[in-house]
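Q: below: sequence and its predicted model.
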Amino acid sequence: MVKAVIRACALAMVFAQPVMAQDAELKLAVPQALEDSGFMQFLVPRFSLKTSVRIERVPQDTEAQMRMGDAGTPVFEGLGQTWLLAHDGDPRAERFVKWLTSDIGQRTIESFAPDSGVRFAPPVEVVVVEQATVYEGDAAKGEELSLSKCGRCHVINDTNRMKGMGATPSFALMRSFEDWETRFATFHLLKPHPSFTQLEGVTDAFDPASPPSIVPVTMTLDDLDAILAYVSGIEPADLGAPLQFQ
């Protein structure tokens, strides 16, 4: 008799336990326009069928673990906008996001074809096109300045191709570097230039006690702009295919 009572009490305690959070339905707040489209009624049950994760759709102003709107991860497009899904970090919500952005989720999104003609699609990937810098300096003057001020060390072009120093890179070679703009714009800071270069209004005057050992290179910021404009139009040197080691 005592054992029977203990078993009955144990069963009662088990059934009296509250529903674990992991077993409770996830709440998904859906804006009214999206709900009225019928798309979420189509989409959510298909996810639940595949994963056994239950999701309850609730109005937009309701407290929920997930929310459709303009914050979070882009998951689909429709009704003239890109819809984003934000969540509180619940692993099931993260699973929903991954399903929506997977191949099967995207195919499910595209398969929605109601009589109303409203369609939804995977989000369009935004490609950021980096704009090339346009230099406003006088390129023709920049060529003259490059030859007169830089040509005693660097090969500028065919005009002085036999007059540069062998250990000094040509302008075409430096133009092939990814950071060529920074190199040319700050050349006066890169060795050995500070020891003999004066950029008007930028660099400090030479110490009279330690004058440059060669004829100084002096130029203005306008001169530098002109040189940058010229260099931007130089065809980068073709260095060939990278070396391959076997």
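A: Looks like it arrived, so ask away. Because the structure is predicted, anything quoted here is derived from the model rather than measured.

Q: assign residue 57 to helix, strand or coil.
A: strand (DSSP: H, G, I helix; E, B strand; the rest coil).

Q: bridged to it, which residues?
A: Under DSSP bridges, the beta-bridge partners of residue 57 are residue 28.

Q: just give the number of residues close to it.
A: Using other CB atoms under 10 Å, residue 57 is surrounded by 20 other residues. In this view, the C-beta of every residue, glycine as well, is placed from N, C-alpha and C.

Q: surely it meets residue 44?
A: Yes - the criterion here is CB atoms under 8 Å, and residue 57 meets it with residue 44 at 6.4 Å.

Q: which residues do the two both contact?
A: Residues touching both residue 57 and residue 44 (CB atoms under 8 Å, 6 or more residues apart in numbering) are residue 28.

Q: and the strands in this structure?
A: Ranges of strands within the chain are 26-30, 55-59, 66-69, 73-78, 81-87, 197-199, 217-219, based on DSSP state E.

Q: return the helix or strand in the protein with minimum mean pLDDT.
A: helix 2-16 (a mean of 41; mean pLDDT, DSSP states H and E).

Q: one step back: nearest to residue 113, of the strands of the chain?
A: strand 73-78 (12.3 Å; CB to CB).

Q: and that closest one with strand 81-87, angle?
A: 150 degrees (axes from the mean of the first three to the mean of the last three CA atoms, to 10 degrees).

Q: I'd like the average pLDDT over strand 73-78.
A: In this model, strand 73-78 has an average pLDDT of 95.

Q: cool, stretch 147-157 as well?
A: Rounded mean pLDDT across stretch 147-157 is 93.
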